[in-house]
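# I'll drop the sequence and a predicted model, then ask my questions.
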Amino acid sequence: MQPLPKKYKFNEIEQKWQQIWEDMGIYHFNWNDTTKPVFSIDTPPPYPSGEFHMGNILNWTYFDMLARYKRMRGFNVLFPQGWDCHGLSIEVQVEKMHKIRKHDIPPDKFRSLCEQLIEKYIALMKESILKLGCSIDWTTEYRTMDSDYWRRTQLSFILLHKKGYMYQGKHPVNWCPRCETAIADAEVDYEKRKSSLSYIRFPLKNSSKYLIIATSRPEFIPACVAVEVNPKDERFSKYIGKEIVVPIVNRTVKIIADKAVDPDFGTGVVMICTFGDKEDVKTVMKHKLPIIRIITDDGKINKKGGKYSGLKINQARIAIVEDLSKEGLLEKEEKLSHEVGVCDRCKTHIEILEVKQWFMKTRILTNDVIKTANEVVWYPEYMKTRLIDWAKSLDWDWVISRQRVFATPIPVWYCKDCNQTIVAEEKWVPIDPKLTDPLIEKCPKCGSKAFVPEKDVFDTWMDSSITCAVHAGWPDRADWKRLFPADVHPSGIDIIRTWAYYLMVRHLALFNQTPYKSCLINGMVLGSDGRKMSKSLKNYVAAPDVLGKYGSDATRQWAAAGGATGSDIPFRWPDVEYGRRFLVKLWNVSKFANRLLQDFAPNKKSQLELQILDKWVLSKLANLTQKVTQAMENSQFNVALEEIRTFTWHVLCDSYVEAVKDRLYRPEIHGESQKEAAQHTLFNVLYKVLKFLCPIIPHLTEEIYQAMFADFKKHKSLSLASWPQSIPNFIDEEIENNGDMIIALITEVRREKAEKRLPLNAPIKTLTIYTKDSRTTEIFKEGAFDISGTCKVENLKVLAKKGRGKPVTDYPEVQFKTEL
RNA sequence: GGUCGGUUAGCUCAGUUGGUUAGAGCGUACGGCUUACAUCCGUAAGGUCGCAGGUUCGAAUCCUGCACCGACCA
């Protein structure tokens, strides 16, 4: 047993073990081991934003606690790590950083700028993940921007195309005019914006009368295809079916009725333009109205906008309102504050445009998604509603093509002559159609030898929604189904509708199987003020600051204990501070045990004479084992940690250690066998406490284990030891009650000393305990030397008769008297 | 606007299937440097569990309504 130094330096210890663990390779998934059951974690590859925030800390601590716990439970654990590189956000940053637009330089050059920035960001984030001490298998590390990952994304597309899930079609999509790309529903944010509501006169055909429509988008007047009222609105029912003239363009459209119109909004008369918003799309489809597109990809008015063509949307709006005003058709303008859809990457007001895009048929899977979601185990359970509600709410199929650069290319060409679509064959991938022609001689339909590449790329979720299969080894390993479905998919509450959903539809479509057996949801990290953590609210705390100041073990305790799984968790410095204090406590009790166990041989099989408090603490430990194991099984990390901390601090340190000190210090008085019993108990209890804490506090527990236990237990690392077994036979309720009674008496004596303003080590000449019967007397006699040792009693008397002493709280039948 | 969650000690939060006197940390008061630990130990004060009803022998826990806070989403 190595002695422990007086102080422990977390930064040295943590760094040391992180390096050793990595060198030992103990966290690698063992592909050759078929004896152990496997446990696979579908680690979400993070988007390399360059900043590891407290939310990431929470996530990775969850993943890591789970991985370490499962390893100790005897599983061969797969804990992979990838990086979800592609996406608009990085492109926007590159554009800003280099003051360019995506078209200004060749695509491969643009890509490489993105790659450089991503690599920089990955390095920063990886540093924090390493510092957190995650037991990741780094041999699995991958980047979705690597061509080897393209291969998987493209292959999955090809397979789904064969199965009929992928199609190209013209359909209205959310369009970001700044990024010049289609975006999915999941990428649309909503923000409150100030705008104005224009009241405009629309003359009725062949009449001097007019209706006043209210619109927030007057610039869309050239695209107006109908005017709409509520059928129950008596003010306007007589006009339904009549014709009305659209000002500016002087086109005649019909007045139609639809109950979607809110009679209380504006004037109760609205214009339908193709397309102002999603509601317009529904109306246009329902009433089979013509489609007039007046917006270009980059957010300008096109030729159909007549004299306004070439103007930006905002400019056109001003011009049109001005013209209306000149013609006397503008009734009034009102200020309006309303929610508008914006691009979640650049916050530009999105438009709805009808564009040719690639789609995946996701809605035909909705029933399967619901059924599967119900079969998945959710932590916490109520989270599954979010996935189901989202799946049900989807109006459109998933648009998977993007008009961007930094993403996986869509492996498709078109015949230059007959426009035949040529989808790559499985063997061709990875392939960039912009750089390579299809690997066929001629067009299978018309024989032409000229091809046009698909310039669009995939939505980044196309990459990341196959992680469950990819982590398992698909498509390269024959035995990938061993690790599929993933045992757990951990996910933030905010990405259930994207990650959890897309994973579900992709894998259901590809393999007709759920991608994950369980879904562990973490909440959002809030600022100390209980509001969402953000820099603008000035409640932002950077993760590297916390790790730098307190180290990983303390920070991880905040993550574990912060709140129930799935609930939002505020960041609280005092929680981290408490975590650190617990580490100091654990260190000190280990130091104490270390000193008093120097002459202890744990493997010596001598007859042990366990005393009542030894049995008491062992029974409490057995109880703890049950509670902690159950909590860990249910991913209730907060419950597990609280139980262990309370036991360690109060049961082990405050009660047990204090009570047995005298036995350990003075074997010449109490006997060598009494000392051995305490040593044995202390050794075993501390070892198990370290094991319980290992998944949450991996570094310090390892440090203590290596110094004190490794010689006897022979594991290379504590994280390779097995989780303590829960043995109900070790729980002895009677022993616990008896021990509790002894502890209550000790507390009572302390209270008396406190009341008399005496120090705790003030000697007591005689302590007399009066009990009601001989059984109780026996109990106190058994615990006599622990009581007198703790309370510094010189002469302890236990009498089976009523005395006039002070009763012990909770045990009125026990009384005591002290003589100083 | 929709969905979900929350409201328990001065503060931040636990409280599994209803069951003795509702717990913890921080903070507060008082005492103590006791051969692990003053980053500690001991003792104490502090709660009609958001409000109003209901079910029950019994409710922080189940049901209904209301109020407020928040997250996610449209």
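Nice, I can see it.
# Those residues of the stretch 701-820 of chain A touching RNA strand B, which are they?
Counting by CB under 7 Å from any atom of the strand, the residues of the stretch 701-820 of chain A close to RNA strand B are A:Thr747, A:Arg750, A:Arg751, A:Lys753, A:Ala754, A:Glu755, A:Arg757, A:Leu758, A:Pro759, A:Leu760, A:Asn761, A:Asp810. All C-beta spots, glycine's among them, are computed from the backbone N, C-alpha and C.
# most surrounded residue in the residues you listed?
The most neighbours of any of those, using other CB atoms under 10 Å, belong to A:Lys753, which has 19 neighbours.
# Could you look up the SS state of it?
Under DSSP: H, G, I helix; E, B strand; the rest coil, A:Lys753 falls in the helix class.
# How about the contacts made by it?
Shown in contact with A:Lys753 (CB atoms under 8 Å, 6 or more residues apart in numbering): A:Pro759, A:Leu760, A:Ala762.
# can you rerun that using 6 Å?
Shown in contact with A:Lys753 (CB atoms under 6 Å, 6 or more residues apart in numbering): A:Ala762.
# in stretch A:410-418, what counts as buried?
Across stretch A:410-418, burial judged by 16 or more other CB atoms under 10 Å covers A:Ile410, A:Pro411, A:Val412, A:Trp413, A:Tyr414, A:Cys415.
# what helix or strand is the fifth one on?
Spelled out, that is A:Tyr414. strand A:412-415 (DSSP states H and E).
# next one: that strand to chain centre, how far?
Here strand A:412-415 is found 39 Å from its chain centre; the criterion is CA atoms, centre = their mean, to the nearest Å.
# low pLDDT regions in chain A?
Low-confidence segments of chain A (pLDDT under 70): A:185-186, A:337, A:536-537, A:604-606.
# Give me the domain ranges for it.
A:189-344, A:571-731, A:757-819 (automatic domain parsing).
# Nearest to RNA strand B: which residue in the stretch 201-350 of chain A?
The nearest approach of the stretch 201-350 of chain A to RNA strand B comes at A:Glu339, 4.7 Å away (CB to the nearest atom of the strand).
# Pull the residues that contact stretch A:431-446.
Contacts for stretch A:431-446 (CB under 6 Å, 6+ apart): A:409, A:411, A:413, A:415, A:417-418, A:420, A:422, A:424, A:428, A:449, A:451, A:453-454.
# what's the closest of these to A:Ser717?
A:Pro409 (43.7 Å; CB to CB).
# Pretty sure that closest one sits against A:Lys455.
No: using CB atoms under 6 Å, A:Pro409 is not in contact with A:Lys455; the gap is 8.5 Å.
# ok, those two, which is more surrounded?
The neighbour comparison of A:Pro409 against A:Lys455 (other CB under 10 Å) goes to A:Pro409, with 25 against 15.
# Now the more buried one. Nearest residue, chain neighbours left out?
A:Asp432 (4.7 Å; CB to CB, 6 or more residues apart in numbering).
# mind checking how far that neighbour is from A:Lys455?
11 Å (CB to CB, to the nearest Å).
# Equivalent analysis for A:His171, please.
19 Å.
# Same check on A:Met632?
From A:Met632 to A:Lys455 the distance is 50 Å (CB to CB).
# same deal with A:Leu329?
In terms of CB to CB, A:Leu329 sits 43 Å off from A:Lys455.
# count of neighbours near the residue lying closest to A:Lys532 once chain neighbours are set aside?
Once flanking residues are discounted, A:Lys532 sits nearest to A:Leu526: 5.9 Å by CB to CB, 6+ apart. Residues lying near A:Leu526 (other CB under 10 Å) number 22.
# give me the beta-bridge partners of A:Leu526?
On the basis of DSSP bridges, A:Leu526 is bridged to A:Lys532, A:Pro570.
# what about the domains of chain A, which gets the closest to A:Asp494?
domain A:189-344 (11.1 Å).
# Okay, now the closest one: how far is its last residue from its first?
End-to-end distance for domain A:189-344, by CA to CA, to the nearest Å: 5 Å.
# chain center to that domain: distance?
Domain A:189-344 sits 42 Å away from the centroid of its parent chain (CA atoms, centre = their mean).
# Over to stretch A:159-167?
31 Å.
# Which residue is it, in the stretch 1-150 of chain A, that comes closest to RNA strand B?
A:Lys7 (6.8 Å).
# Now that residue: which helix or strand?
A:Lys7 belongs to no helix or strand, assigned by DSSP H and E.
# for A:Leu353, same thing?
Secondary structure from DSSP H and E places A:Leu353 in strand A:351-360.
# do that strand and RNA strand B meet?
No: residues of strand A:351-360 are not located near RNA strand B by CB under 7 Å from any atom of the strand, the shortest gap being 11.8 Å.
# Identify the residues contacting the spatially most central residue of chain A.
Nearest to the mean C-alpha position of chain A, by CA atoms, centre = their mean, lies A:Gly492 at 3.0 Å. Listed by CB under 6 Å, 6+ apart, the contact partners of A:Gly492 are A:Asn522.
# Phi first, then psi, for it.
phi -80, psi 150 (degrees, to the nearest 10).
# For it, name its beta-bridge partners.
A:Asn522.
# Quick check: it vs A:Lys535, distance?
Distance from A:Gly492 to A:Lys535, by CB to CB: 19 Å.
# sorry, back to before: wait, is the residue nearest to A:Pro409 part of a strand?
No: under three-state DSSP, A:Asp432 sits outside any strand and is assigned coil.
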